[in-house]
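> Quick one: sequence and predicted model below, then my questions.
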Amino acid sequence: MSFGVGFGDIAKAIGLAKEVVTRYREAPKHVNDLATESDELRPVLEGYVTLLNRLERIYDVNNAITASGHGFKDKASVFRKRLTLDANDIKSCRDQIGQYNGMLDSFMISLNVLMAEEAERSKERDEIINWLNPPGLDSRYGETHTERLRNRVDETGGWLPKLTEFHDFVEGHTRTLICLGNPGVGKSILSSIAIDHLEDLQAASTSPIGVGFVIFDFNSQDEPENITACLLGQLIRRMTRYKSKPKRSLPMMGELVGCLKTAISSYSRTFVVIDALDECEIRSRTVFLEKVFQLQRVTSLNVFATLRPIPDIVTLFEDSGSTLQKIQIDTRQDDIRRFVDCRMNENLPLFRKVAEEVKSRLISDISTASTEVFLLAVLYVEAVKKCRTGPNAYKKLYADTLDRIKKKDTADLAIHILSWAGWARRPLMLRELQHALAIIEGELILNGENTTDEDSIVSLCEGLITINTQTHIRLIHSTTQEYLTGISQDIFPTVDSAFQTGRCQTDEEFAVRLSQYPLYDYAVKNWGLHARLITSPRSEEILSFLQNNPSVEAASQCLLTWEGFSQHTPANVSGLHLAFLSKGPYSAQERNTYGQSALATAASRGHCDILRVLLAYTAEVDTEDNMSRTPLSLAAERGDVEMVKALFTHGADLSRTDMFGRSPLSYAAESGNEATVRYLSGHALSMTVMNHPDQAGKTPVWYAARRKHWGIVNDLVKHQANIDFYGKHAATLAATAAENKQWEDVMELIKAGADINLPNAARRTPLSFAAEHCQGDITVALLDAHADQNICDEDGWTPLMWASDSGWDDGVLTLLQHSNVCLERQDIHGQTALSIASSMGHTAVVKSLLDADSEGKTLNLADKTGWTPLIQAAKNGSDVLDLILDKAGSSVNTSWADMAGKTALHWAASRGHLKAVTRLIGHVAVGVADNLQRTALYLAAASGHNEVAAALLANGADVNAADYLQRTPLRIAAERGHEEVVKELLYWKGDIGVESDPHNDIRHLVCFTASLGVRRALESEGVPGQDGLFDVLGLAALFC
């Protein structure tokens, strides 16, 4: 008998289930992680397990049937068991297998989609990181850090993470930790140890921790924007979400800082390690630290920095406002001994055969000689055979090393290597240096046989050169550079003439050319720097290069390109555009695709000698480029006074403006070169040139002032420049600076003679802004410069009103003492300075104003709403009210009512100011009503001020005085649900007011307040409930 399924089918089902489970278990880890978190997969797996157990039971039963004996009884038993086997059970299992397979396939499809999306996000993140790292800073930092850790001897510097200061820094008790030490004591390796420790902490932490680092180098001076971008790239590398895709160019510093703030906020803690901060160029360092400190003030950023003990830099950290700790780094004998012992055993096989006594003595001698400078231990190990008892200073050690180099036959090659490593404008790759060493003057093709191998480069220089894992060449330490610089005239007299001939062959493919000639990029971008320092004329070689059209085109392409856009550089570039004019068949008027002539290019690049030659060849002096800029405009922007003089002498027009309306003088003033501005100002033939505004309404003096070139501002003013020129936005320089709180600029403009009484578009003067922001020195300086403090802005406010509003008592006193200030001056709303100070509760200011107003002219002066200073004080319940009553006495009109008929007592009662009410009760009649017939008691009851109501009642207030709608204090208190006030008024026999009219009964008031306390208070006074009592809206009383 057949049941539609055989034992083979069952075995296959079991095998398939096991295969599916096995296949799942062997999936990649990230798939496992995602699947574990998915609620969709759990029922599938549970179903597979249940089904597998079920199939195994069926399989075991069938195996038992098959294994039965061959006797009659056995066969009968088999037959009976086959009859009891349910085929539908097997079919059900097969259906479930298909169902679970379909569910698993659906899950795997969803999982694959998620993995594809994650891969796409990872790709976009990598693009952003690469975009933020155009100069390769991140890789350079990483290579340097890795190289240091690789060269570190185990346990050296291990004391740093154990320091209390470092522990406080990691735990967040200290926001900034700086390590100070002299050159060579080991600060750099300590910074790498700190980075490594923080990255370990990052990996072990359950909460996200950000770690970034910057490694400065004396030979690589990077822009602060690039450094900040690199740091941002490091922090977003671990982020899974980001907002935008990379643009063509790097963002500006403001955008970078904003992005860094966002990135830092995504971590629970963020650490940034800055190594060799003192080796960063001053301007870049100042800008970078300013942004770091700015981020520390608004984020959880923690900073670890190493530097020499330079007071100016340390002061920047001390003034940053962050919690700071300092560690003095000195060499440690155990570190030095451990390093020397390890390196000697690793690198000097003969050392292992030396007696222990000699070893100990050698290690001891080197450690003693390296007590103050760890670097000396490195150099002594390199020179151990000849320098066992070395000198006490690194200069002697370097001198001995150079003596050994010069005594070899390879001295010239070694000196050549050192000159490249010490004077290259950026770190060179190994292949670049090899090609540079292989160049033979007069040869047009590089000979591969002249290449010097890596080991020879290092050994020839006796340890003064190091090559990291990424084949970057550098001197072993900054002290090496300092020593070589000091003796450069004796050892390297022609160090900057190495690129006097730019040997480079033309190639159709730019990328191929860069790959084939590693030195090509460096030579094109830096040969001019070296050529300027040539001590002997080499014009023939230079002219030979510039007359070679293919070489000039290739050089210009490399010079002007940026990554991925080599075909977007200007075409038709001649040798004139690059540097010098040859005597070949060139026209001085040739232009590139940017519209620049050779003269304009020379002016923009600062080649004064070339410019003079071009002018001698009758080049057109006022030729304009695509932006209408002349050579004079470009030279003025560079601040090169010699070029400006040469161009002007040959007839350049000072009044010529570009497409933005800017003149040469405008660019010179912005650039900050005083000599250039002085020359242009002295030769300006009219005031039009001096005060000519550009399309944005900005004059030369405006540009100079905004850039804080105050010497130039003074020079321009001496030549009749208008320092009070109103710009496009109707504001003078002084008013704009004060509005932007640039107080140092305001002081400089005062010194320069600016008219400080000229207001901005809102009619506010610098004195007005100074008074608002409580600037004492600025206020005094402005007043000494005859600032008019009675000038009103568009709201009618004077500087005195701004100072009063700010509560600046010292400023008010200063203003009152300097001139005949008008105390009775009112703004457009009728407020005086006294009224404003009273409304703000500034007691000290009110006292000063009252003392100044001996005649009491402002004491009772009301604004347009009828509020006097006393009423203003009563409204806010401040001590000002007591001060006015005490100082003014009977002179103050305590009964004065405002436009609504309210007195000071009304306002104090309605606002619940018990102290003010108590003081006013003796000066104002408590029964006076306002224009709506409301008494002070009525207003206190309406606002729920029980203590105020009690005080008024105790002093004779009429408990039943009704308003114009005949509502008594009790009625209004009940209507608004003020239970305590109701009880107080009932105690004083307030009129309950049960009306005969059923639609106007007090019992309906609780319909609106839903106040059980008011209901009970009324019932306790005998107010009965009545069934069927309805108000005008048809609502029954809640208590009926």
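The structure has been received and is ready for your questions.

> quick one: D784 and H472, what's the gap?
Separation of D784 from H472 (Cβ to Cβ, to the nearest Å) stands at 60 Å. For every residue, glycine as well, the C-beta is placed using N, CA and C.

> Looking at the two, which is more packed in?
Per other Cβ atoms under 10 Å, whichever of D784 and H472 has more neighbours is H472, with 20 against 10.

> Quickly note the distance from the residue lying closest to M899 once chain neighbours are set aside to D898.
Taking Cβ to Cβ, 6 or more residues apart in numbering as the measure, M899 lies nearest to G866, with 4.2 Å between them; neighbours along the chain are not counted. Here G866 is placed at a distance of 3 Å from D898 (Cβ to Cβ).

> So between those two, which is more surrounded?
Set side by side, G866 and D898 give different neighbour counts by other Cβ under 10 Å, the larger being at D898 (19 against 15).

> Need the three-state assignment for K395.
helix (DSSP: H, G, I helix; E, B strand; the rest coil).

> Count the neighbours of the residue lying closest to it once chain neighbours are set aside for me.
In space, K395 comes closest to Y483 once its chain neighbours are excluded; the distance is 6.0 Å by Cβ to Cβ, 6+ apart. By the criterion of other Cβ under 10 Å, Y483 has 21 neighbours.

> host element of Y483?
If you go by DSSP states H and E, Y483 is part of helix 478-486.

> Ok, M899 next?
With elements taken from DSSP H and E, nothing contains M899; it lies in neither a helix nor a strand.

> Over to V713?
Here V713 sits within helix 710-718, counting by DSSP H and E.

> Show residues contacting that helix.
With contacts defined as Cβ atoms under 8 Å, 6 or more residues apart in numbering, helix 710-718 is touched by 669, 672, 674, 677-678, 681, 690, 700-701, 704-705, 723, 748-749, 751-753.

> quick one on the thing from earlier: hmm, K396 and the residue nearest to K395 touching each other?
No. If you go by Cβ atoms under 8 Å, Y483 and K396 don't touch, sitting 10.3 Å apart.

> got the domain boundaries for this protein?
Domain assignment for the chain, taken from automatic domain parsing, gives 7-126, 132-330, 336-392, 776-984, 992-1040.

> three-state assignment of F271?
Going by three-state DSSP, the state assigned to F271 is strand.

> For the residue nearest to M899, which residues are in contact?
Neighbours of G866 in contact, by Cβ under 8 Å, 6+ apart: W896, A897, D898, M899, A900.

> Among the residues you listed, which one lies nearest to N151?
Nearest to N151 among these: D898, at 83.4 Å, using Cβ to Cβ.

> Show the backbone phi and psi for the closest one.
When quoted as degrees, to the nearest 10, the phi and psi of D898 stand at phi -80, psi -170.

> How about the one 3 residues further on?
Backbone torsions for G901, taken as degrees, to the nearest 10, come to phi 80, psi 10.

> I figured it was touching N931, is that so?
Yes. The criterion here is Cβ under 8 Å, and G901 meets it with N931 at 3.7 Å.

> Of the two, which one has the most company?
For G901 and N931, the more surrounded residue by other Cβ under 10 Å is G901, and the numbers stand at 15 against 12.

> Quick one, grab the pLDDT at the more buried one.
The predicted local distance difference test score for G901 is 93.

> list the buried ones in the host helix or strand of Y398?
Under DSSP H and E, the secondary-structure element containing Y398 is helix 394-406. Going by neighbour count (16 or more other Cβ atoms under 10 Å), the buried part of helix 394-406 is Y394, L397, Y398, D400, T401, L402, I405.
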